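Undergrad: Sharing a model that was predicted from the sequence below.
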Amino acid sequence: MIDRGTTASTVKERAQLALNDDFLRKAVKFTTERLRNGKEAAAEQHGNWEEWRERGKQIRLHTIAYLDYYLNLFADNARANGVHVHFAETADEAVKITLAIAEHRGARSVVKSKSMVTEELHLNRALESIGVEAVETDLGEYIIQLAGETPSHIIIPAIHKNRYQIADLLSAEAGEILPPDTAILAGFVRRKLREKFLEADIGMTGCNFAIAETGSMVLFENEGNARMVTTVPKTQITLMGMERIIPSWADLEVMATLLPRSATGQKMTVYMSGITGPKRKHDADGPEEMHIIIVDNGRSLQLGDPEFQELLNCIRCGACLNACPVYRHIGGHAYGGTYSGPIGAVLTPALNGNVAEWDDIANASSLCGACYEACPVKIPLHEMLVYLRRRKVEAGRGSKAESLGMKGFAAVMGGARRYRTALKLAQLGQKLVVRDGGIRMKVGPLKGWSSYRVTPALADRSFRQRWDTLEQEIRSGLSEIDPTVQKRMEQKRQERGQEQGGHGHA
Ligand code: SF4
């Protein structure tokens, strides 16, 4: 089982651990397929999905292009609503601000909901270091907190666990054996967390969208815990990445159409809460004090970068993870960072700034483009992954074997005669490794590939070789062919002769 304590240091090693874990592979495959099918059905049912994807993309492009303006507008409006707004440039700063609020309020416990940003900041550890208990209240987050692990999916943090493993974890917490029955397990967690909501001094959440025109923040959720977190404790802290902004409530309509469908295939999430400031005089509930901490932590490094600025358009729906053939096999922990899947492979090096340390995760992709097709705001993740790989090679950190292979490929493809000779050699050489029509070499550089797939063997005679034979047969009267096709063939032969004469190739 992969967890934070793994000693595997490369993506390849971590992926191998995941592939050896049958429970993990089955659990991840089962849930990602369910989510992906749900998303596709919801998009089809919508009827106008591509148009709305484009609208979503345009809203995100516009917002990020004018991010400074919308951030200031949001902060001004939130302050006018009575919210304390803080800007944190780094993870350390965000943690310091949070701890200062907790200490000022004399907090002993915090209930949390919906916050990948707090994962990014390792905030739970920091809170524990000053004696504050931090309790995750999303069911999946609660499970992985008990397991001492990190989320392995943006929206389904415990995707890698099945109900038997979850029953074991919750039984240990309950002090009695709980059956692997989802209703019973959820009932236990509900009762347990209810006590925590009532005791907590601070409620802490992330934020799906922050609405600049009114200084409000919006949360999408299915369990109702975010409502408890934002209404029961006296103090409320929201931590949000600086890119969570959208200009207006009208823009939210587009996002509210795209996000739940892309994330879970739902038309709407069960709860959508809009929060505009702390409790007012006549409100029945809500926090008396509210803070919003706007976190940069490497995000502004992407602004103005033509290759990566679109990363900030991400609405954290997780659809690219569910669509990715690599993620579906290895799950999230193999990526090594807070964010996993195609978005994690690009976002982790971008946020950390330390490209060299993270540049192997760009290889955890087949570059098939499924992530782009799935993305509701059309982020070209596959192109970013290619760019990351190129940057790694240009910085001299590429694999020597790969570089030699590419040079060989370029040499072979650079001339017709060389290509034909290489093809003939390959046709002869492959006889050593071909069985039942497929290449099954389980040693050397092809070992990883061939262990799971059969590469079709090269045909005994290539298309070009068969074409040449046909031409000769026609000329010598052995075959008959339609005169129009014959004329076209003759034309082609002449063009080829001219081309080869012009380039010096035979
Ligand atoms: S990159 Fe696109 S698909 Fe992936 S999480 Fe972000 S918005 Fe969703």
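TA: Noted; the coordinates are in hand.
Undergrad: Model confidence for Leu423, exactly?
TA: pLDDT, Leu423: 89.
Undergrad: wait, doesn't it sit right on Ser462?
TA: Yes. The pair Leu423 / Ser462 is scored as a contact, 5.9 Å apart, by Cβ atoms under 8 Å. C-beta coordinates here come from the backbone N, C-alpha and C atoms, glycine included.
Undergrad: give the contact list for the residue of the stretch 351-500 of the chain found nearest the ligand.
TA: When scored by Cβ to the nearest ligand atom, the stretch 351-500 of the chain has Cys375 as its residue closest to the ligand, at 3.3 Å. Cys375 makes contact with Arg53, Ser262, Ala319, Cys320, Leu381, according to Cβ atoms under 8 Å, 6 or more residues apart in numbering.
Undergrad: quick one: which of these is nearest to Thr235?
TA: Thr235 lies nearest to Ser262 out of those, by Cβ to Cβ, at 32.9 Å.
Undergrad: for the ligand, what are the nearby residues on the stretch 201-350 of the chain?
TA: Ser262, Cys314, Ile315, Arg316, Cys317, Gly318, Ala319, Cys320, Ile343 (Cβ under 6 Å from any ligand atom).
Undergrad: Mind splitting the chain into its structural domains?
TA: Domain segmentation of the chain under automatic domain parsing yields 22-46+78-297, 399-460, 469-506.
Undergrad: hey, which of those is tucked in deepest?
TA: Comparing these by mean neighbour count (mean count of other Cβ atoms under 10 Å), domain 22-46+78-297 comes out on top with a mean of 19.
Undergrad: and the end-to-end length of that one?
TA: 36 Å (Cα to Cα, to the nearest Å).
Undergrad: Near the ligand, which residues of the stretch 51-200 of the chain are found?
TA: Counting by Cβ under 6 Å from any ligand atom, the residues of the stretch 51-200 of the chain near the ligand are Ile154.
Undergrad: For the stretch 351-500 of the chain, just list every one of the helices.
TA: Along the stretch 351-500 of the chain, the stretches classed as helices by DSSP state H, counting those that start in this stretch are 355-358, 370-374, 381-394, 400-413, 416-429, 447-450, 463-475, 483-503.
Undergrad: what's the angle between the third one and helix 400-413?
TA: An angle of 100 degrees separates the directions of helix 381-394 and helix 400-413 when computed by axes from the mean of the first three to the mean of the last three Cα atoms, to 10 degrees.
Undergrad: just the last one next, same as before
TA: Following the same axes, to 10 degrees, one obtains 120 degrees for the angle between helix 483-503 and helix 400-413.
Undergrad: Does anything pack onto the helix with the most length in the chain? Which helices or strands?
TA: In the chain, assigned by DSSP state H, the helix with the most residues is helix 22-46. Contacts defined by 3 or more Cβ pairs under 8 Å, 6 or more residues apart in numbering; DSSP states H and E place helix 22-46 against helix 11-19, helix 249-264, helix 319-323, helix 327-330.
Undergrad: Contacts for stretch 56-73 next, please.
TA: So stretch 56-73 is contacted by 212-213, 242-243, 245-247, 251, 254-255, 258, 294, 303, 309-310, 312-313, 315, 376-378 (Cβ under 8 Å, 6+ apart).
Undergrad: Could you identify which of the contacts of Cys375 has the most neighbours?
TA: When those are compared by neighbour count (other Cβ atoms under 10 Å), Ala319 ends up highest, at 31 neighbours.
Undergrad: got any ranges where the chain has weak pLDDT?
TA: Counting by pLDDT under 70, the chain has low-confidence residues at 1-8, 354-355, 445, 478-479, 481, 499-506.
Undergrad: Of the domains of the chain, which is nearest Ala356?
TA: Here domain 399-460 is closest among the domains of the chain (Cβ to Cβ), at 14.3 Å.
Undergrad: what about that closest one, how long is it end to end?
TA: End-to-end for domain 399-460, by Cα to Cα: 32 Å.
Undergrad: which other helices and strands contact the helix or strand encompassing Thr118?
TA: Secondary structure from DSSP states H and E places Thr118 in helix 116-120. Judged by 3+ Cβ pairs under 8 Å, 6+ apart, the packing partners of helix 116-120 are strand 235-241.
Undergrad: Give the next helix or strand downstream of the strand it packs on.
TA: strand 245-246.
Undergrad: Can you show me the strands along the stretch 1-150 of the chain?
TA: Residue ranges of the strands in the stretch 1-150 of the chain, as given by DSSP state E, counting those that start in this stretch, are 84-88, 109-113, 133-136.
Undergrad: other SSEs contacting the second one?
TA: So the one you mean is strand 109-113. Using 3+ Cβ pairs under 8 Å, 6+ apart: strand 109-113 touches strand 133-136, helix 182-199, strand 202-205, helix 225-231.
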